[in-house]
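Student: Got a sequence here, can you model it:
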Amino acid sequence: MTFTALIVVFGLVGILFLFAAVRRLRRRKVLGGVLNGATALVLILLSVCAALLASNLRTYQRLSLEQPAGELQLTRIGEREFNAVLTYPSRERANFALRGDEWQVDARVLKWHAFANMLGFDTAYRLERISGRYTRIEDERTQARSVYSLNPPQRIDPWDLVHRYHSWMPWMDALYGSATFLPMADGALYEIKVSQSGLIARPLNQAARDAVGSWH
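Tutor: Next comes the predicted model:
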């Protein structure tokens with residue numbers, strides 16, 4: 001309502017000043033016409049800015065919500081070895097053989113300042129890798145590891161560009177890595193989401209809830 005009032009007020013007053021400018025110019029009152037015309041331009045621009053801000057207010061609502069990044073289905077295929085099916089929001093699937101006690105997904109996150117958010121820039125992320133991990137550090141050092149890339153190599157990587165020229169991008173708030181991990185269990189199904197704070201994982205079925213409940 002506040003932005004609507006600003007749009008209407010600035011717009012109407014700007015139009016009035018524009019008519020006044022045209023009338024003064026017709027009467028050959030050049031200075032008054034120019035001043036009125038400049039005032040009309042400023043007010044109309046303010047009205048346009050208010051309209052843009054109002055149209056982008058939904059950006060803040062969007063930023064407060066979590067965005068689905070995928071679902072992970074696990075099936076035991078051996079001792080501390082699982083087949084993992086990662087289903088993306090597009091319903092595309094990828095299969096991985098993970099070893100260990102837990103699964104982990106890593107992502108890169110690009111976060112913008114509030115002003116950039118209002119201009120339409122939203123937090124961007126890219127899933128980087130999926131891997132199996134062991135609960136005990138000694139097992140991490142000695143047992144077989146399993147890690148897979150979730151993105152093919154790119155000739156032009158936005159992350160690398162932003163990282164290299166970060167000082168030239170004042171609208172960039174932060175770029176950082178984020179990871180989430182939970183225990184693996186036969187039949188467990190997890191959801192993976194991304195928010196302003198990074199990746200979040202939650203159990204979706206009883207097998208996953210039981211695994212998380214007994215996790216230590």
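
Student: Domain boundaries for the chain, per the record?
Tutor: 2-55, 62-213 (automatic domain parsing).

Student: just the helices in this structure please.
Tutor: Listed in chain order, the helices of the chain (DSSP state H) span 2-26, 30-55, 57-63, 114-118, 137-142, 158-164, 206-213.

Student: Need the residues that contact the fifth one.
Tutor: Counting by Cβ atoms under 8 Å, 6 or more residues apart in numbering, the neighbours of helix 137-142 from elsewhere in the structure are 100-101, 133-134. Just so you know, the C-beta spots here come from the backbone N, C-alpha and C atoms, and that holds for glycine as well.

Student: Dig out what residue 68 forms beta bridges with.
Tutor: Following DSSP bridges, residue 68 is listed with bridge partners residue 193.

Student: wouldn't it be in contact with residue 87 here?
Tutor: No: with contacts counted by Cβ atoms under 8 Å, residue 68 stays clear of residue 87, the gap being 10.0 Å.

Student: Looking at those two, which one has more neighbours?
Tutor: Between residue 68 and residue 87, residue 87 has the larger neighbour count (other Cβ atoms under 10 Å), namely 16 against 11.

Student: What about the nearest residue to residue 182 once chain neighbours are set aside, how many residues nearby?
Tutor: Excluding the flanking residues, the one nearest residue 182 by Cβ to Cβ, 6 or more residues apart in numbering is residue 201, at 5.2 Å. Number of residues near residue 201 (other Cβ under 10 Å) recorded here: 21.

Student: give the contact list for residue 201.
Tutor: Contact partners of residue 201, counting by Cβ under 8 Å, 6+ apart, are 72, 105, 180-182, 190-193.

Student: Of these, which is the most crowded?
Tutor: residue 190 (26 neighbours).

Student: mind checking how far that one is from residue 13?
Tutor: 56 Å (Cβ to Cβ, to the nearest Å).
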